[in-house]
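J.: model this:
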Amino acid sequence: MKNSVFSQKIYSFLLDTYRWYLQTPERSLNQAYDAALKIKEIEDKHFSGNKIDIDSAMYSNSVMDYFESDLKKLLKTVRMRLTELKASRWFLNEENQKAAEKTGIEYLSPSLVLERLNFIDQVISKYTTLSAQKSSNVLVVQPPNLPVESVISDDKSLIVNNPTLPPKITTKDWETKAKPKGKIDTTGVLPRSILSTITRLQVELDPNSEQEVIQSFRQAQRRTIISIRFILLLIIVPLLTHQIAKAFVVGPFIEKFRNTEQMQIFLNSEMEEEALGELQRFEEKLQFENFIRNAPPLLPEQIEVEMKKRAVELAEEFRYESSNAIKNVFADIFSVGAFIWLLLVSKSSIAVIKDFFDRIVYGLSDSAKAFIIILFTDIFVGFHSPHGWEVLLEGVSRHWGLPANRDFIFLFIATFPVILDTIFKYWIFRYLNRISPSAVATYRNMNE
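T.: As a prediction, the model looks like this:
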């Protein structure tokens, strides 16, 4: 009897799974259609039926950030559901459709499917462009000693369609007036300096150049604010998560199980050796103070009483330190989880901060770049770096209540800085040498 009931449950589960599989095309289409309806609703309600323009002056920056976030989520849903629809229709054949009809699944009529797909295309076509337009209008070649920036075409819809670009960065600097140069344009009759001077004069004589400069400055300012705010969040959120989890989540739970006298005081032998050393120094201190005061020698009973008091104090101190180390392990897990979650939900901010650091790094002079590279390499892979790595690893071990394994520390110091040094040299050879060869030359001269 039990076997038959179990078999019926298995059959029911498999049947429900198969029905869910057969309903995948219709479910994907309905979800994409609902997302397109929501986009259309926002357009009709807040933008008078026009497309959602993230650079619109109708609302404040906070409101536009809200609309932009919703738009990105809805467009992502539409793209994923349409991809799912295409893949599921490719796997489903006539036999599957006949099986679906037998199980009572009714598909939408072809006319209704085409109508919904047409509506979806009409809505999202405002926020998509051809790949050829992207490749011809998005990037502009700049000299290696200038800040490298992603330049976006006049079609602001690229910001929504391309998730790798920072939000609301539609810079229109005077450099973007020049078209991308091909191999034919690399050499010409006139020198490049004359052509660039003519281009600059054309831009300066353009009556709209002042507005474009102001708009570019505002966008750069906004990008800087977003980057600084995100950096602060990356620092503050994990720290706050660590402290809150340690005080209110992990702390009471650990104290509940370690608040007994029978619990082990020391987590490792190093703590025990440290406590015994403290107790021995305390005994020597008592004798030394007794000698310099010219007082009668302490009786063994008095020394034993003082030693017992100090031993109880040391036991409480190391019990607290052991509990604190255990709390740190679990609190650090919460902090890492908060940090990863922050990275996952802030992909657009990561793109902005990447562009922010690119502008800062590539905007430095060659000597400044060389100075920073030498500073970092000397700190992490230089001659004195093993001492720093040793102190860091011992601090991490003590933070988690682990014994400092000298073999592991020496092995780490012998391998990890070498790997870092190789990565630094490869980055200099592969990327920096191509982007800024003068900085590499300055680095070599300074390093010699």
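
J.: starting at the chain centroid, how far to stretch 312-320?
T.: 40 Å (C-alpha atoms, centre = their mean, to the nearest Å).

J.: what residues sit buried inside it?
T.: Leu314, Phe318, Arg319 (16 or more other C-beta atoms under 10 Å). All C-beta atoms are positioned from the backbone trio N, CA, C, and that covers glycine.

J.: just these: which are in strands?
T.: For those, not one is inside strands, with DSSP state E as the criterion.

J.: got these as JSON lines, with pLDDT and distance to Phe408 columns?
T.: Putting the buried residues of stretch 312-320 into JSON lines (pLDDT from 0 to 100; distance: C-beta to C-beta, whole Å) gives the following:
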{"residue": "Leu314", "pLDDT": "88", "distance to Phe408": "28"}
{"residue": "Phe318", "pLDDT": "86", "distance to Phe408": "23"}
{"residue": "Arg319", "pLDDT": "84", "distance to Phe408": "27"}
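
J.: and Thr224, what does it touch?
T.: Phe356 (C-beta atoms under 8 Å, 6 or more residues apart in numbering).

J.: so it, which of the three states?
T.: Three-state call for Thr224 (DSSP: H, G, I helix; E, B strand; the rest coil): helix.

J.: wait, Ile409 touches Glu390, no?
T.: Yes: at 5.9 Å, Ile409 counts as touching Glu390 under the criterion of C-beta atoms under 8 Å.

J.: where does the stretch 201-350 of the chain dip in pLDDT?
T.: 203, 258-263, 294-295 (pLDDT under 70).

J.: residue ranges of the strands in it, please?
T.: Read by DSSP state E, counting those that start in this stretch, the stretch 201-350 of the chain holds no strands at all.

J.: now do the helices in it.
T.: All helices of the stretch 201-350 of the chain, identified by DSSP state H, counting those that start in this stretch, fall at 209-244, 251-258, 269-292, 300-344, 347-362.

J.: pull the third one out as PDB, backbone CA atoms only.
T.: This means helix 269-292. What follows is helix 269-292 as a C-alpha-only set of coordinates in PDB (Å, rounded to 0.1, in the frame of the first residue of the first chain):
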ATOM      1  CA  SER A 269      48.300  26.000  22.500                       C
ATOM      2  CA  GLU A 270      49.700  29.500  21.700                       C
ATOM      3  CA  MET A 271      47.000  31.100  23.900                       C
ATOM      4  CA  GLU A 272      47.900  28.800  26.700                       C
ATOM      5  CA  GLU A 273      51.600  29.600  26.400                       C
ATOM      6  CA  GLU A 274      50.900  33.300  26.400                       C
ATOM      7  CA  ALA A 275      48.700  33.000  29.600                       C
ATOM      8  CA  LEU A 276      51.500  31.000  31.300                       C
ATOM      9  CA  GLY A 277      54.000  33.600  30.300                       C
ATOM     10  CA  GLU A 278      51.800  36.300  31.700                       C
ATOM     11  CA  LEU A 279      51.400  34.500  35.000                       C
ATOM     12  CA  GLN A 280      55.200  33.900  35.300                       C
ATOM     13  CA  ARG A 281      55.900  37.500  34.600                       C
ATOM     14  CA  PHE A 282      53.400  38.500  37.300                       C
ATOM     15  CA  GLU A 283      55.100  36.300  39.900                       C
ATOM     16  CA  GLU A 284      58.500  37.900  39.000                       C
ATOM     17  CA  LYS A 285      57.000  41.300  39.200                       C
ATOM     18  CA  LEU A 286      55.700  40.600  42.700                       C
ATOM     19  CA  GLN A 287      59.100  39.500  43.800                       C
ATOM     20  CA  PHE A 288      60.800  42.500  42.200                       C
ATOM     21  CA  GLU A 289      58.400  45.000  43.800                       C
ATOM     22  CA  ASN A 290      58.900  43.400  47.200                       C
ATOM     23  CA  PHE A 291      62.700  43.700  46.800                       C
ATOM     24  CA  ILE A 292      62.800  47.400  45.800                       C
END
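
J.: now that helix: buried residues?
T.: Within helix 269-292, the residues that count as buried by 16+ other C-beta under 10 Å are Glu270, Met271, Ala275, Phe282, Leu286.

J.: can you redo these as CSV with distance to His384?
T.: Putting the buried residues of helix 269-292 into CSV (distance: C-beta to C-beta, whole Å) gives the following:
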residue, distance to His384
Glu270, 25
Met271, 29
Ala275, 32
Phe282, 36
Leu286, 41
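
J.: from the helices of the stretch 201-350 of the chain, which stretch is densest packed?
T.: For those, the largest average neighbour count (mean count of other C-beta atoms under 10 Å) is found in helix 347-362, namely a mean of 18.

J.: ok, Glu278 to Phe356 distance?
T.: According to C-beta to C-beta, to the nearest Å, Glu278 and Phe356 sit 49 Å apart.

J.: again with Val63
T.: 23 Å.

J.: so Asp366 makes contact with Ser438?
T.: Yes: using C-beta under 8 Å, Asp366 is in contact with Ser438, at 4.8 Å.

J.: which one of those two is surrounded by more residues?
T.: Set side by side, Asp366 and Ser438 show more neighbours around Asp366, with 17 against 14, by other C-beta atoms under 10 Å.

J.: quick one, domains of this protein?
T.: With domains defined by automatic domain parsing, the chain comprises 2-127, 131-235, 244-347, 364-447.

J.: what about the last one, start to end distance?
T.: Looking back up the chat, that one is domain 364-447. 18 Å (C-alpha to C-alpha, to the nearest Å).

J.: from the chain's centre, how far out does that domain sit?
T.: On C-alpha atoms, centre = their mean, the centre of domain 364-447 falls 22 Å from that of its chain.

J.: and the average pLDDT for it is what?
T.: Regarding domain 364-447, the rounded mean pLDDT is 86.

J.: just to revisit the earlier point, and of the buried residues of stretch 312-320, the nearest to Glu394?
T.: Phe318 (17.4 Å; C-beta to C-beta).

J.: quick one, what contacts that closest one?
T.: Taking C-beta under 8 Å, 6+ apart as the test, what Phe318 contacts is Ile265, Phe266, Met271, Glu274, Ala275.

J.: which two in those are spaced the farthest apart?
T.: Ile265 and Glu274 (11.8 Å).

J.: which pLDDT value does the model give Ala100?
T.: Predicted confidence (pLDDT) for Ala100: 58.
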